[in-house]
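quick one, fold the following:
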Amino acid sequence: MDGEDIINIPKESPFLSSVGKAMQFLHKLRVAYLLEIENKNIDSDVELQAAWNKQKNKFTLIILNYANTKKELHFDLSDLRVSFTVKQKTICCIGQ
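This is a model prediction of the structure:
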């Protein structure tokens with residue numbers, strides 16, 4: 001990745017590009033253990049990644065929708081054999 005992709009420095013003032021904003025968002029997640037995902041989703045516009053934090057007490061599911069339309073998605077997390085309480089939902093829209 002070229003450094004220019006992350007930060008652009010025009011004469012007026014510096015600003016983060018959409019790639020830079022995505023990197024900033026991902027850095028804040030504090031994920032440590034990525035999980036292998038069995039993706040039964042045939043939709044090529046959607047990418048998934050799941051991960052635990054270092055203490056394995058916070059689970060993060062990252063969903064990227066490359067399409068310009070809303071999508072309804074369903075997830076089966078029963079194989080993890082853990083009860084979840086959703087404490088925070090973060091939606092980050094980049095490039096809109």
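
center of this structure, which residue is that?
Ile62 (3.4 Å; Cα atoms, centre = their mean).

residue contacts, it?
26, 29, 48-51 (Cβ atoms under 8 Å, 6 or more residues apart in numbering). To be clear about C-beta, it is placed using only N, CA and C from the backbone, and glycine gets the same treatment.

now do the strands in the protein.
7-8, 15-16, 33-35, 46-52, 59-65 (DSSP state E).

identify the residues contacting the third one?
Judged by Cβ under 8 Å, 6+ apart, the contacts made with strand 33-35 from elsewhere in the structure are 49-54, 56.

can you do 7 Å?
Outside strand 33-35, the residues within contact range by Cβ atoms under 7 Å, 6 or more residues apart in numbering are 49-52, 56.

buried stuff in that strand?
Leu35 (16 or more other Cβ atoms under 10 Å).

what ranges do the helices span in this structure?
For the chain, the helices defined by DSSP state H occupy 18-27.

would you mind giving the domain segments of this protein?
Domain segmentation of the chain under automatic domain parsing yields 1-30, 31-96.

can you redo these as TSV with mean pLDDT?
Shown next, in TSV, are the domains of the chain (pLDDT from 0 to 100):
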stretch	mean pLDDT
domain 1-30	68
domain 31-96	80
